[in-house]
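Enquirer: This is the structure alone, sequence omitted:
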């Protein structure tokens, strides 16, 4: 309960909402790069695209206002049995799921090399 309260409080402090769902992947990448450069501290993102969070330290997956998963993207896609996040990745289609999984693994490798611990 305390954790969810902290998440809600943090969300009130800094939430980046993208008002337009229809922008291109290039535009989304530009937005992500700009936001990450502007905010070097904790960043809470409400994402409409899985690609947005592939290199995040932690992902909180919510369904109907409740936390259903919270872990690193890599742990979430490698969970056995597969969880909610992994099912969302798979639902993107075979080719997109392969790209997303590769992106998550690449980001996790880069984070380990940089000494980032989640």
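Expert: Cool, the structure landed. Remember, it's a predicted structure, so these values are computed and weren't measured experimentally. Numbers count the residues shown, from 1 in each chain.
Enquirer: residues making contact with the top helix by length along the chain?
Expert: Across the chain, the helix with the greatest residue count (assigned by DSSP state H) is helix 94-114. With contact meaning C-beta atoms under 8 Å, 6 or more residues apart in numbering, helix 94-114 is reached by 50-51, 54-55, 57, 72-74, 77, 89-90, 92, 118. The C-beta positions use only the backbone N, C-alpha and C, and glycine is treated the same way.
Enquirer: if you set the cut-off to 10 Å instead, what comes out?
Expert: Outside helix 94-114, the residues within contact range by C-beta atoms under 10 Å, 6 or more residues apart in numbering are 49-51, 53-57, 59, 72-78, 85-86, 88-93, 116-118.
Enquirer: Select only the buried ones of those residues in PyMOL?
Expert: The buried residues among the contacts of helix 94-114 can be selected in PyMOL (16 or more other C-beta atoms under 10 Å) with this line:
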select buried, resi 50+51+53+54+55+56+59+72+73+74+75+76+77+78+85+86+88+89
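Enquirer: picking up where we left off before, go through the longest helix of the chain and flag the buried ones.
Expert: 97, 99, 100, 101, 104, 107, 108, 111.
Enquirer: how much space between the last one and residue 26?
Expert: When C-beta to C-beta, to the nearest Å is the yardstick, residue 111 and residue 26 sit 24 Å from each other.
Enquirer: same deal with the first one?
Expert: Counting by C-beta to C-beta, the separation of residue 97 from residue 26 is 21 Å.
Enquirer: got it, and residue 76?
Expert: 26 Å.
Enquirer: what does the average pLDDT come to for stretch 60-70?
Expert: The average of the pLDDT scores along stretch 60-70 is 92.
Enquirer: Use 145 as the first number for this chain going forward.
Expert: Taking 145 as the first residue, the last one we looked at is stretch 204-214.
Enquirer: For that stretch, measure first residue to last.
Expert: 4 Å (C-alpha to C-alpha, to the nearest Å).
Enquirer: Contacts for that stretch, please.
Expert: In contact with stretch 204-214 (C-beta under 10 Å, 6+ apart) are residues 147-148, 151, 188, 190, 197, 202-203, 215, 219-220, 223, 227-232.
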